[in-house]
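1. next come a sequence and a model predicted from it.
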Amino acid sequence: MVQSSVAPQDPAAARGAARRTQSEIYRAGVSGTRPAVPIDPGALEAAARKALSTEAFAYIAGGAGAERTMSANRAAFTRWQVWPRPLRDVTERDLSIDLLGRRRPTPFLLAPLGVMELAHPEADLAVARAAASIGVPYTLSTQASFPMEQIATAAPTGARLFQLYWSASDELNASLLRRAEASGCEAIVVTLDTHLLGWRTRDLDLAYLPFTRGMGIAQYTSDPVFQQLVRERARASAAGHGTPPPGESVKITPKAVAAGIQIARKGAALTGTGLRESLRSPLPRAAVETFLEVFSTPALTWDDLAKAREWTTLPIFLKGIVHPDDAARAVDAGVDGVWVSNHGGRQIDQSVPTLAALPDVVARIGGKVPVVFDSGVRGGADAFVALALGATAVAIGRPYAYGLGIAGEKGVREVVRNHIAELDITLGLAGHTSIQDVGREALREA
Ligand code: FNR
C-alpha cells in the first residue's frame with residue numbers, strides 16, 4: 001500500500017506535500033498502478049455511486065428538496081478566482097495553521113459524517129486511521145457507526161473532535177460529552193442545523209432512513225444513560241404504557257424481517273448477548289425507538305447552550321452558523337469557535353451558500369475565535385478560496401465518504417492527500433508561501 005507522504009502531527013512534514021504526492025502517483029503509474037480513487041471530484045462521486053448500494057449513495061450524496069442549496073454551495077465558488085503572482089520564490093511552502101492551541105500540519109479537518117457503515121463496514125475506524133496517518137483532525141459524529149472509545153483505540157495518535165447532536169435528554173448530552181473528554185477528544189462541535197431532519201428527497205423516494213435499521217446509533221447504544229432510557233422504555237411498553245412503538249405498524253414482509261435481524265444484530269451490543277438472544281429481546285427495537293425520540297430537540301435555544309459549559313471543560317465550537325448576527329452572538333456567548341456550514345445542503349433547500357456567507361461571518365468575528373468552513377469543498381483550490389476569504393480551517397465532507405466507499409481506509413487517505421497536494425500546488429502557483437498569511441488579496445472577484 002502506498003503510505004501517505006504527510007506524517008502525522010508534523011507541520012514540517014506537510015511541506016513539499018504536492019511534489020511528493022505527484023511523484024508517488026506518476027512513479028506508481030510507470031509500473032501500471034493507478035490511484036485507488038479518481039482525482040476528479042465528479043469522477044470520484046460517480047465511482048462511489050457504482051461502488052455503493054442505491055440507498056447508501058442516496059443517503060450520502062443527497063440533499064434537501066430540489067438540492068438547490070447543494071448546487072449553490074458549489075456555484076458560490078465561481079465568484080472567486082485565484083489571482084496568480086509569478087516570479088516570487090515559492091520553493092518553501094507552509095500549509096500549517098494554529099488551531100485549538102496546537103500547530104496543525106494542514107488547514108484541513110474531516111467533517112463529522114454519520115452512518116459511515118453505509119460506505120464501508122469499518123466505517124469510522126477506517127476514517128480515523130486514515131486521518132491519523134495523514135495528520136488531519138477527525139470530527140467524530142454523534143451518529144457514528146462505532147462508539148467513540150473504539151474509534152480512539154483504532155487510531156490512538158489521531159487528533160479527534162466530538163460532534164454533538166443536542167438530544168432531548170440533558171443527561172444523555174452530559175454523558176456523551178463526558179465520554180468525549182475521557183476518550184481524548186480535543187473539542188466539542190455542537191451542530192445546530194439539525195433540530196429537525198431535513199426534507200431529503202432521495203431518501204424519501206426510497207423510504208429509507210438508516211437509523212430505522214439500527215445503523216448510526218452506536219454512540220447511543222454504547223452509552224449508559226441511553227441504555228437506561230431504553231430499559232425504561234422497554235419496561236413501559238411491556239407494561240402496556242407509553243407510546244405504541246412505530247414498529248407495530250410495520251407490515252411483515254421479507255424486507256421487514258431482514259431489517260429486524262439487522263437491528264437485532266446491532267442490538268447485540270446493547271443486550272450483551274448473541275444474535276439469537278438479541279432477536280428475542282425487546283431492547284434492540286426499543287433502542288431504535290428511543291433514539292428516534294431523543295436524538296434532537298427543536299426547542300433548543302441560545303440560553304440552553306450555557307449548559308454545555310457545565311458538562312465539559314473542552315473548547316466548544318458551534319457548527320451550522322451561516323448568519324453574521326449568529327456569529328457575533330456565538331462570540332458573545334463565549335464559544336471557542338464557529339463552524340460555517342449548511343450541512344452540505346442536506347437541511348434546507350434554496351438556502352444560503354456557505355461561501356457567500358463566509359466573508360461577513362469572518363468580519364463579524366473579527367479574529368476573536370477560529371472559523372471552520374464546510375459545504376461544497378471539492379478540492380485544494382476550493383480550500384484555498386475559503387482560506388483566503390478568512391476561514392481558519394476547512395472541513396472535507398462527502399468526498400472522503402466517497403473515498404471510503406470505493407477503497408476503504410486507503411480511499412479516505414488518498415482523498416485527503418489529494419486535497420492537501422492541490423492546496424499546496426495552488427498556494428505555490430499563486431505566488432504564496434504560507435497558507436496562514438493568504439488573504440482576500442489572493443483572489444479576484446469574477
Ligand atoms: C453529514 N453531516 C453531518 N454533520 C454533523 O454535524 N453530524 C453528522 O452526523 C453529519 N452526518 C452527515 C452524513 C452525511 C452522509 C453527510 C453527507 C453529511 C454534514 C457534514 O458534517 C458537512 O457539514 C457536510 O458534509 C459539508 O458538505 P459537503 O462539502 O460534504 O457537500
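-> Looks like it arrived, so ask away.

2. the nearest residue to L270 once chain neighbours are set aside: how many residues sit nearby?
-> Setting aside the residues directly before and after it, L270 is nearest to T221 in space (C-beta to C-beta, 6 or more residues apart in numbering), at 4.7 Å. C-betas here are computed from N, CA, C, even on glycine. T221 is flanked by 23 other residues according to other C-beta atoms under 10 Å.

3. which residues touch T221?
-> Applying C-beta atoms under 8 Å, 6 or more residues apart in numbering, we find T221 in contact with Q227, V230, K266, G267, A269, L270, A287.

4. try it again at 7 Å.
-> If you count contacts by C-beta atoms under 7 Å, 6 or more residues apart in numbering, T221 has them with K266, A269, L270, A287.

5. what about the helix ranked longest in the chain, near the ligand?
-> Ranked by number of residues, the top helix in the chain under DSSP state H is helix 398-429. Yes. Using C-beta under 6 Å from any ligand atom, we find that helix 398-429 touches the ligand at R398, A401.

6. which other helices and strands does that helix contact?
-> Applying 3 or more C-beta pairs under 7 Å, 6 or more residues apart in numbering; DSSP states H and E, we find helix 398-429 packed against helix 17-30, helix 41-51, helix 54-61, strand 108-110, helix 123-134, helix 380-388.

7. just send the ones you listed back as CSV, with distance to the ligand, mean neighbour count and mean pLDDT too.
-> Formatted as CSV, these follow (distance: least, C-beta to the nearest ligand atom, whole Å; neighbours: other C-beta atoms under 10 Å; pLDDT from 0 to 100):
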stretch, distance to the ligand, mean neighbour count, mean pLDDT
helix 17-30, 21, 16, 92
helix 41-51, 10, 17, 98
helix 54-61, 4, 20, 98
strand 108-110, 9, 26, 98
helix 123-134, 11, 26, 98
helix 380-388, 9, 25, 98
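
8. could you dump the ones you listed to JSON lines with distance to R417?
-> Formatted as JSON lines, these follow (distance: least, C-beta to C-beta, whole Å):
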{"stretch": "helix 17-30", "distance to R417": "6"}
{"stretch": "helix 41-51", "distance to R417": "13"}
{"stretch": "helix 54-61", "distance to R417": "20"}
{"stretch": "strand 108-110", "distance to R417": "10"}
{"stretch": "helix 123-134", "distance to R417": "6"}
{"stretch": "helix 380-388", "distance to R417": "10"}
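
9. looking at those, which is nearest to A442?
-> With C-beta to C-beta, the closest approach to A442 among the helices and strands packed on helix 398-429 belongs to helix 380-388: 4.5 Å.

10. how about that closest one as PDB, C-alpha atoms only?
-> The C-alpha coordinates for helix 380-388 follow below in PDB (Å, rounded to 0.1, in the frame of the first residue of the first chain):
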ATOM      1  CA  GLY A 380      -7.500  22.100  -2.700                       C
ATOM      2  CA  ALA A 381      -8.300  25.100  -4.900                       C
ATOM      3  CA  ASP A 382     -11.700  25.400  -3.200                       C
ATOM      4  CA  ALA A 383     -10.000  25.200   0.200                       C
ATOM      5  CA  PHE A 384      -7.600  28.000  -1.000                       C
ATOM      6  CA  VAL A 385     -10.500  30.300  -1.800                       C
ATOM      7  CA  ALA A 386     -12.200  29.700   1.600                       C
ATOM      8  CA  LEU A 387      -9.000  30.200   3.500                       C
ATOM      9  CA  ALA A 388      -8.300  33.400   1.500                       C
END
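
11. what is that helix packed up against?
-> By 3+ C-beta pairs under 7 Å, 6+ apart, helix 380-388 packs against strand 80-82, strand 393-396, helix 398-429.

12. could you dump the ones you listed to a markdown table with mean neighbour count and mean pLDDT?
-> Formatted as a markdown table, these follow (neighbours: other C-beta atoms under 10 Å; pLDDT from 0 to 100):
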| stretch | mean neighbour count | mean pLDDT |
| --- | --- | --- |
| strand 80-82 | 18 | 98 |
| strand 393-396 | 26 | 99 |
| helix 398-429 | 26 | 98 |
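
13. among the ones you listed, which is nearest T191?
-> When the helices and strands packed on helix 380-388 are compared by C-beta to C-beta, strand 393-396 sits nearest T191, at 12.0 Å.

14. show residues contacting stretch 162-175.
-> With contacts defined as C-beta under 7 Å, 6+ apart, stretch 162-175 is touched by 112, 139-142, 148, 176-177, 180, 185, 188-191, 194, 223-226, 229, 294-297, 300, 307, 311, 319.

15. filter those to the buried ones?
-> 112, 139-142, 148, 176-177, 180, 185, 188-191, 194, 223, 225-226, 229, 294-297, 311, 319 (16 or more other C-beta atoms under 10 Å).

16. from these, which land in strands?
-> T139, L140, I188, V189, V190, T191, K319 (DSSP state E).

17. just the residues you listed that are near the ligand?
-> T191, K319.

18. check contacts around A430.
-> V82, W83, P84, R85, A442.

19. who does the helix or strand just after the longest helix of the chain pair up with?
-> Downstream of helix 398-429, the next assigned helix or strand under DSSP states H and E is strand 443-445. Sheet pairing for strand 443-445, assigned by DSSP bridges, gives strand 80-82 (antiparallel).

20. report the next helix or strand after the partner strand in sequence order.
-> Next along the chain from strand 80-82, counting by DSSP H and E, comes strand 97-99.

21. can you list contacts of that following strand?
-> For strand 97-99, the surrounding residues in contact (C-beta under 7 Å, 6+ apart) are R104, P107, P370, T392, A393, I435, Q436.

22. 6 Å instead, please
-> Taking contacts as C-beta atoms under 6 Å, 6 or more residues apart in numbering, the residues outside strand 97-99 that touch it are R104, P107, P370, A393, Q436.

23. which of the residues in that strand are buried?
-> I97, L99.

24. sheet partners, orientation included, of that strand?
-> strand 102-104 (antiparallel).

25. and the strand it pairs with, what's buried?
-> Neighbour-count burial for strand 102-104, counted by 16+ other C-beta under 10 Å, picks out R104.

26. centre of the chain to it, how far?
-> Taking C-alpha atoms, centre = their mean, to the nearest Å, one finds the center of strand 102-104 at 20 Å from the center of the full chain.

27. which non-adjacent residue is nearest the residue in the stretch 151-300 of the chain positioned nearest to the ligand?
-> Proximity to the ligand, evaluated over the stretch 151-300 of the chain using C-beta to the nearest ligand atom, is greatest for T191 at 3.5 Å. Leaving out its chain neighbours, the residue that sits closest to T191 by C-beta to C-beta, 6+ apart is K319, at 4.6 Å.

28. beta partners for the one you found?
-> Beta-bridge partners recorded for K319 (DSSP bridges): T191, W339.

29. spit out the contact partners of the spatially most central residue of the chain.
-> With distances taken as C-alpha atoms, centre = their mean, the residue of the chain nearest its centroid is P112 (1.9 Å). By C-beta under 6 Å, 6+ apart, the contact list for P112 reads T139, S141, Q163.
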